[in-house]
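Asks: Quick one, fold the following:
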Amino acid sequence: MNDCKSGAPSDKDQAIAHLRTSLEKGVEWPRALLEAMALWTAPEEVFQGARLVYLIGSEAFDWLTLASRLASEARDLIPFDELEEMLFGGRLPAEVGDEEFKEILGAEKYSAYLNFFYGIEVETALQHIVELEVEKRFYASGRQFSADHADTAFQRIYRASWDDLLAAYREDQGIEAAPAAFLTELKGFTYWLFKRRLRVSDKAKIASDTQKGMAALDSTIRAPDGIGSPVS
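Replies: Numbering: from 1, shown residues only. Modelled structure (predicted):
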């Protein structure tokens with residue numbers, strides 16, 4: 001995994017080595033993992049045949065994807081049930097406070113994490129809650145047959161259909177059209193939609209939609225302390 005022609009260890013190697021050494025010395029695994037994440041600089045990589053993107057849209061830090069990648073190098077040193085709870089629950093153990101999270105990651109990565117929180121987690125929740133609102137109105141009108149309400153929800157939030165927006169995103173990013181979007185592309189698409197919403201909506205609607213998305217998040221996902229308006 002050495003990236004340097006001189007043979008010096010890459011940032012990846014240093015991060016992995018730091019993680020394992022810290023765990024072997026008895027450092028609590030959440031802190032050791034965060035410290036390793038702080039050392040990591042590669043925005044993406046191909047690992048075991050899969051493309052992993054850690055910096056969505058060059059701005060949004062997908063910390064859980066990186067955490068999973070790093071943890072794969074130390075499965076023998078991290079309690080399996082605690083790791084699974086973090087990866088599926090979307091948060092570190094409760095004893096890791098927001099200030100510690102921010103301090104260890106550093107200002108730059110923490111700012112990119114906030115971009116991910118607002119631009120992907122909150123945005124996804126907003127899409128879901130608006131789709132549920134559309135669905136409730138559909139059934140309240142007496143219609144009995146199910147329908148896909150995602151397109152109507154996208155019209156309400158972004159003023160365009162899912163298909164048109166996905167096509168515009170792929171054209172903007174130079175991505176070849178495909179029958180279906182994979183998870184990595186969906187994250188990039190969601191972040192692109194978030195930035196579009198900030199462009200096409202007035203400030204009052206931006207604030208209202210963002211609060212709606214935050215309120216819709218599962219109770220296991222908490223907003224970092226001291227957060228105000230979304231990034232632009």
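
Asks: Pull out the buried positions in the strand or helix carrying Leu83.
Replies: Following DSSP states H and E, one finds Leu83 within helix 80-89. Buried residues in helix 80-89, counted by 16 or more other Cβ atoms under 10 Å: 83, 86. In this view, the C-beta of every residue, glycine as well, is placed from N, C-alpha and C.

Asks: Can you get me a residue count around the nearest residue to Asp209 once chain neighbours are set aside?
Replies: Excluding its sequence neighbours, the residue lying closest to Asp209 (Cβ to Cβ, 6 or more residues apart in numbering) is Leu126, at 5.6 Å. Counted with other Cβ atoms under 10 Å, residues neighbouring Leu126 total 25.

Asks: show me where pLDDT drops low in the protein?
Replies: 1-9, 138-148, 179-181, 218-232 (pLDDT under 70).

Asks: Show me the helices in it, by range?
Replies: Ranges of helices in the chain, per DSSP state H, are 11-24, 29-39, 63-71, 80-89, 98-105, 107-116, 123-140, 150-158, 162-173, 183-200, 203-216.

Asks: Output these as a markdown table; include the columns distance to Tyr54.
Replies: Output for the helices of the chain, formatted as a markdown table (distance: least, Cβ to Cβ, whole Å):
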| stretch | distance to Tyr54 |
| --- | --- |
| helix 11-24 | 11 |
| helix 29-39 | 9 |
| helix 63-71 | 5 |
| helix 80-89 | 15 |
| helix 98-105 | 12 |
| helix 107-116 | 9 |
| helix 123-140 | 18 |
| helix 150-158 | 26 |
| helix 162-173 | 17 |
| helix 183-200 | 10 |
| helix 203-216 | 23 |
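
Asks: Between those, which one is closest to Phe47.
Replies: Of all those, it is helix 63-71 that lies closest to Phe47, at 6.3 Å by Cβ to Cβ.

Asks: circling back to that earlier point, identify the residues contacting the residue nearest to Asp209.
Replies: Contacts for Leu126 (Cβ atoms under 8 Å, 6 or more residues apart in numbering) come out as 157, 209-210, 212-213, 216.
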